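S.K.: this one's sequence-less:
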């Protein structure tokens with residue numbers, strides 16, 4: 001029963017993703033989310049953190065993997081949550097759900 005529900009959920013996510021890609025809506029939603037994250041300062045904060053890490057460790061001693069490992073928790077941390085509270089993610093999910101609901105009637 002649990003495996004069946006998980007398979008059904010995975011199939012539904014795959015179908016939604018495919019429909020979003022086919023219609024171009026996925027790219028539009030990604031751009032909307034990107035713009036909202038920039039608007040609330042999230043991108044600038046992560047960029048500044050990257051510069052701090054490079055300055056601390058030295059350019060010769062930092063790899064892309066090091067930066068990713070360092071900024072991922074921060075990117076999902078309080079600043080991301082602040083953007084979430086400001087409605088950035090709610091806007092994105094609302095847009096997605098409205099589109100998805102409407103697409104069933106087409």
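M.R.: In hand now; what should we look at? This one's a predicted model, so the numbers in the text were calculated from it and none came from an experiment.
S.K.: Buried residues of the longest helix anywhere in the chain, list them for me.
M.R.: The longest helix of the chain (DSSP state H) is helix 2-23. Residues residue 20 are the ones in helix 2-23 that count as buried (16 or more other Cβ atoms under 10 Å). (Glycine included, C-beta is placed from N, CA and C.)
S.K.: residues of whichever helix or strand comes after that helix that come out buried?
M.R.: Later in the chain than helix 2-23, the nearest helix or strand by DSSP states H and E is helix 25-39. For helix 25-39, the neighbour count (16+ other Cβ under 10 Å) marks 25, 26, 29, 33, 36, 37 as buried.
S.K.: So which elements touch the longest helix of the chain?
M.R.: helix 25-39, helix 88-103 (3 or more Cβ pairs under 8 Å, 6 or more residues apart in numbering; DSSP states H and E).
S.K.: what is the mean pLDDT for the shortest one?
M.R.: This means helix 25-39. The average pLDDT within helix 25-39 is 84.
S.K.: can you give me the angle that helix makes with helix 2-23?
M.R.: 90 degrees (axes from the mean of the first three to the mean of the last three Cα atoms, to 10 degrees).
S.K.: What mean pLDDT does stretch 50-63 get?
M.R.: 90.
S.K.: Span of that stretch from start to end?
M.R.: 11 Å (Cα to Cα, to the nearest Å).
S.K.: what's in contact with it?
M.R.: Applying Cβ atoms under 8 Å, 6 or more residues apart in numbering, the external contacts of stretch 50-63 come out as 66, 67, 70, 71.
S.K.: Export those as TSV, with columns for secondary structure, pLDDT and distance to residue 5.
M.R.: Output for these, formatted as TSV (DSSP: H, G, I helix; E, B strand; the rest coil; pLDDT from 0 to 100; distance: Cβ to Cβ, whole Å):
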residue	secondary structure	pLDDT	distance to residue 5
66	helix	87	39
67	helix	87	38
70	helix	86	37
71	helix	85	35
